[in-house]
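Chemist: dropping a prediction and its sequence here:
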Amino acid sequence: MAIAFAAPLLIGVALAVKLASKGPLLFKHERIGLGGRRFRCLKFRTMVIDADRRLAEVLAADPGAKREWEHDHKLRGDPRTTPVGDFLRTSSLDELPQLFNVLRGEMSIVGPRPIVAEEVRRYGSRFVWYCSVRPGITGFWQVSGRNDMSYRRRVAMDTVYAQRKNLGWDLKILALTVPAVLNGRGSY
């Protein structure tokens, strides 16, 4: 039902991505989900085709960017993103294809954001809590400031969410998602 409701938006974003730059429509990236199982997380492509090469060049040439990448696993003003990609990221529209991950049972609407293998070490002993729930399209961290907070705080929020997961909290997070996305705070 959510996909049918979002279909016009999915089509519009897909057209914008295709018209803005060459390359595939979707970015499929391996993430870790429930029980530590790996899955291909879907997103609209927001980056240029040679993004990995550009990232390596930036990190080699800019010690500040390297520190930021090592700290947050993200870059402000990421040189790999396309102009349409910048908009999709700040509006979170790049994540719409994750509705298909939800349909396949790999993700939930609400839960911790899916992580990549390189991020597991940051969870330490709390990784077991992350793996106890399905990752979500939105979650506690996402409505609380996203990248404006430390990764350590993100891990703590994911742990608290997993320990206290309930329908009431999920509904509250869903209600807070719209203003958080419209505000754009911490999204890049």
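Modeler: Looks like it came in fine. Small disclaimer: the values here were computed from a predicted structure and weren't measured.
Chemist: got the contact list for stretch 41-51?
Modeler: For stretch 41-51, contacts defined as CB atoms under 8 Å, 6 or more residues apart in numbering pick out 13-14, 17, 21-31, 54, 78, 80-82, 84-86, 88-89, 93-98, 100-101, 106-107, 114, 135. To be clear about C-beta, it is placed using only N, CA and C from the backbone, and glycine gets the same treatment.
Chemist: give me the helices and strands touching the longest helix seen in the chain, please.
Modeler: Criterion DSSP state H: the longest helix present in the chain is helix 2-20. The elements that helix 2-20 packs onto, with contact taken as 3 or more CB pairs under 8 Å, 6 or more residues apart in numbering; DSSP states H and E, are strand 38-44, helix 83-91, helix 98-103.
Chemist: give the buried residues for it.
Modeler: L10, V13, A16, V17, A20 (16 or more other CB atoms under 10 Å).
Chemist: which strands and helices sit next to the helix or strand just after it?
Modeler: The helix or strand immediately downstream of helix 2-20 is strand 26-32, counting by DSSP states H and E. On a contact count with 3+ CB pairs under 8 Å, 6+ apart, strand 26-32 meets strand 38-44.
Chemist: quickly run through the sheet partners of the strand it packs on, with directions.
Modeler: If you go by DSSP bridges, strand 38-44 pairs up with strand 26-32 (antiparallel).
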